[in-house]
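Undergrad: model this:
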Amino acid sequence: MKAWQNWIWILVVVGAWGYMVFRFHGWNAHQIAGLAIMIPALCLWAVARLQLGSSFAVTAQAKELVTHGLYSKIQNPIYLFSAIFIAGIILFFGNPIWFLVFLVLIPMQVARIRKERRALEAKFGDAYREYRKHTWV
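TA: Numbering: from 1, shown residues only. Purely as a prediction, here's the structure:
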């Protein structure tokens, strides 16, 4: 994916999120707490997405071993910050049914992470295994 496509995707996500959040009036404590979780998670998700650059793909592909920025500490920052963002959304809306959706998404994301790990290990071998030793998640 090209850099401008990453920016467009980020703007679409941020725009949709902004519309969803700021159409509310009469904020309460759980909405403020949800927002406090969502904002940094969304910012870190966007940073991770930009740092991944052209290596981003919807399907598991091993284009390049990204080891800089957030990826120098976290193996899957996009998944991590997406999950935190979704947790913030659940808190913001205060509807327990969304928690069930979250519980369904977790195994799906774990399966995607495993596919990506297999693809990266197949292409980068020892370099990827060494990278995993020094990173979290």
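
Undergrad: counting contacts, what elements does the helix or strand hosting Ala41 pack onto?
TA: Following DSSP states H and E, one finds Ala41 within helix 29-52. When contacts are defined as 3 or more Cβ pairs under 8 Å, 6 or more residues apart in numbering; DSSP states H and E, helix 29-52 sits against helix 3-22, helix 77-93. Glycine gets a C-beta too; all of them are placed from N, C-alpha and C.

Undergrad: looking at these, which is buried most?
TA: By mean neighbour count, with neighbours taken as mean count of other Cβ atoms under 10 Å, helix 77-93 ranks first of those at a mean of 20.

Undergrad: Hey, what's the angle from it to helix 3-22? Just curious.
TA: Note on geometry: by axes from the mean of the first three to the mean of the last three Cα atoms, to 10 degrees, helix 77-93 and helix 3-22 are set 20 degrees apart in direction.

Undergrad: Mind giving me the packing neighbours of helix 77-93?
TA: Against helix 77-93 (3+ Cβ pairs under 8 Å, 6+ apart) you get helix 29-52, helix 97-124.

Undergrad: Just name the most buried of the ones you listed.
TA: It is helix 29-52: most buried of those by mean count of other Cβ under 10 Å, with a mean of 17.

Undergrad: Check the offset of that one from the chain's centre.
TA: 9 Å (Cα atoms, centre = their mean, to the nearest Å).

Undergrad: next one: stretch 19-28
TA: With Cα atoms, centre = their mean, you get 23 Å for stretch 19-28.

Undergrad: hmm, who's touching stretch 61-79?
TA: The contact list for stretch 61-79 (Cβ atoms under 8 Å, 6 or more residues apart in numbering) reads 44-45, 47-49, 51-55, 57, 80, 109, 112-113, 116, 119-120, 122-124, 127-128, 131-132, 135-137.

Undergrad: which stretches of this protein aren't confidently modelled?
TA: Applying pLDDT under 70 to the chain flags the ranges 1-3, 24-25, 58, 60.

Undergrad: What lies in contact with the helix holding Ala41?
TA: So helix 29-52 is contacted by 3, 6-7, 9-10, 13-14, 17, 21, 24, 56, 66, 68-71, 74, 77-78, 81-82, 84-85, 87-94 (Cβ under 8 Å, 6+ apart).

Undergrad: Thanks a lot, catch you later.
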